[in-house]
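Participant: I'd like to go over a predicted model; first the sequence, then the structure.
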Amino acid sequence: MIKTIAREFLWLLFILIIAVPISFLFVTALDIVAEGRYFTEGERYFIIELYLIIYIINVIGLYLTRIMIAAIKKVAQ
């Protein structure tokens, strides 16, 4: 039981770390950040909120992918 919890914690930590660059690449691909060097206060808040939303979506998506792969492996045994 403790081994399973430790493994899931490590997966969660890995997913939280790997979601940072993926979210940054996605925000950069939207070409919002590259438009100008100086942003107004509202634009800065919008970019930060957008990044956090994309980060949360990436974490959920990566973890669901991990759960689906584990389920397929379990069914294939």
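Facilitator: Ah, there it is. Worth saying up front: this structure is predicted, and the values here are computed from it rather than measured. Numbers count the residues shown, from 1 in each chain.

Participant: which sections of this structure are below the confidence cut-off?
Facilitator: 34-36 (pLDDT under 70).

Participant: By residue count, which helix of it is the longest?
Facilitator: helix 41-76 (DSSP state H).

Participant: Now do that one: which elements does it pack against?
Facilitator: helix 2-29 (3 or more C-beta pairs under 8 Å, 6 or more residues apart in numbering; DSSP states H and E). Any C-beta I mention is one placed from the backbone N, CA and C, and that applies to glycine too.

Participant: distance between the longest helix of the chain and the chain's centre?
Facilitator: 4 Å (C-alpha atoms, centre = their mean, to the nearest Å).

Participant: what angle sits between it and helix 2-29?
Facilitator: 140 degrees (axes from the mean of the first three to the mean of the last three C-alpha atoms, to 10 degrees).

Participant: List the buried residues in helix 41-76.
Facilitator: 50-51, 54-55, 58-59, 62-63 (16 or more other C-beta atoms under 10 Å).

Participant: wait, which of those is closest to residue 1?
Facilitator: Comparing these against residue 1 with C-beta to C-beta places residue 63 closest, at 20.1 Å.

Participant: Is the closest one in contact with residue 15, as I believe?
Facilitator: Yes - counting by C-beta atoms under 8 Å, residue 15 is a contact partner of residue 63 at 5.5 Å.

Participant: re earlier: relative to residue 20, which of the buried residues of helix 41-76 is nearest.
Facilitator: residue 55 (7.1 Å).

Participant: how close does the closest one sit to residue 42?
Facilitator: 20 Å (C-beta to C-beta, to the nearest Å).

Participant: How about residue 29?
Facilitator: Applying C-beta to C-beta to residue 29 and residue 42 gives a distance of 22 Å.

Participant: cool, residue 8 as well?
Facilitator: From residue 8 to residue 42 the distance is 39 Å (C-beta to C-beta).
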